[in-house]
Structure formats: C-alpha cells, structure tokens
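# sequence-free structure coming up:
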C-alpha cells in the first residue's frame, strides 16, 4: 500500500462548526490530531489536505482568514515535528457547480498534480460521505472518523461499504504505524 494520506480538514484535524471556522482563533485542533499527523509524517507518509471551504464564497471569511488558519495548522505541525505536503481547498459554494467541491474529485486531482502522484490505493480520511466519495472516485481507500460529522455519517449508513471506521485520526495513525512495524 502506498503511504499517502489525504485528510479532510474540519471534523478530522480540527473542530468543525456549523457556523464555519472563520479565523485562526476558531481553528482548534482535535485532541491528538496534530501529533498523529506528525508521527505519520516522520514515518514517511505523504500527507495532503482536501477541504471544502464554501465560507469563502458565502462571505463568512476572507482568503487571508483561511491562510491564517492553515498557517496555524502548519505552525503546530512543525512544532510537533511534522509537515503537510499539499493543502487543496475549494473556495466555491454548493451551487457553483465546480469540479473541486467534494464529493467531486477535483481537489484530489489538484493534489495528484501538485505532488505528481497516482492516488490509487491512497487513504482518504473524512467525517462526511462526500469526503469518502471524492476519494473513492480516484481509487482511494475510504476511512471514516467518528469525530466531526462522523457519527452522523455512520448513523445514516449509506455508501459505507468497504469503509474503515476509526474513532479519530490518532487511532488511525496508531493502526497504520503498528501495521508498518509488523
């Protein structure tokens, strides 16, 4: 299996909010997520983020606000000894009919091009069905976390065939690193 991990952001790495995560102060990492990413990075995993950010199109926050959130993520990750190879985001709203808004696979195509990688067999980690569908469209294996909207997605039960379910990113990292050591 290729060691490529594509992560949704809100609800997987950081706390999600129905009112949108609008600035760096509201960007709060979920317990263990930064450390999990750092450990995977140190173990040779390629890490990328694919995130819908319709708050941009809706005027809830600016591009600078989003950049500040990603700067905070990277600052915390670097302090923990990790990094992210690429962050792809969709700035469009649900009615814009773009190719990059998940469940469409445009963000994954951006990651593939930016990193010159075939994503077949990579892991796509999300808390919503649309995250998993975007990954599956390019041949990724789907992983659902129970954090964020994960429990709600699990309760809906649709489209979850062949999906690995984990409590959170920390549990997934532990599984992947334990697997690698055997």
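Arrived safely. Keep in mind that what you see is a predicted model, and the values were worked out from it rather than measured. Residues are numbered from 1 along each chain as shown.

# Quick one: residues contacting residue 91.
53-54, 56-57, 63 (CB atoms under 8 Å, 6 or more residues apart in numbering). All C-beta atoms are positioned from the backbone trio N, CA, C, and that covers glycine.

# Residue 81 too?
38, 41-42.

# Can you give me the pLDDT of it?
For residue 81, the model assigns a pLDDT of 98.

# Would you list the phi and psi of it?
The phi and psi values for residue 81, taken as degrees, to the nearest 10, are phi 90, psi 20.

# next one: residue 51
phi -140, psi 130.

# correct me, but residue 47 touches residue 38?
No - using CB atoms under 8 Å, residue 47 makes no contact with residue 38, being 9.5 Å away.

# Now for the two: what residues contact both?
residue 82.

# Just confirm residue 176 is within a helix.
Yes - counting by DSSP: H, G, I helix; E, B strand; the rest coil, residue 176 falls inside a helix.

# helices and strands of the protein: which one bottoms out on pLDDT?
Sorted by mean pLDDT, DSSP states H and E, the helices and strands of the chain end with helix 169-180, the least confident at a mean of 94.

# distance between that helix and the chain's centre?
Taking the mean C-alpha point of helix 169-180 and that of its whole chain, the gap between them comes to 16 Å (CA atoms, centre = their mean, to the nearest Å).

# packing partners for it?
On a contact count with 3 or more CB pairs under 8 Å, 6 or more residues apart in numbering; DSSP states H and E, helix 169-180 meets helix 33-42, strand 141-145.
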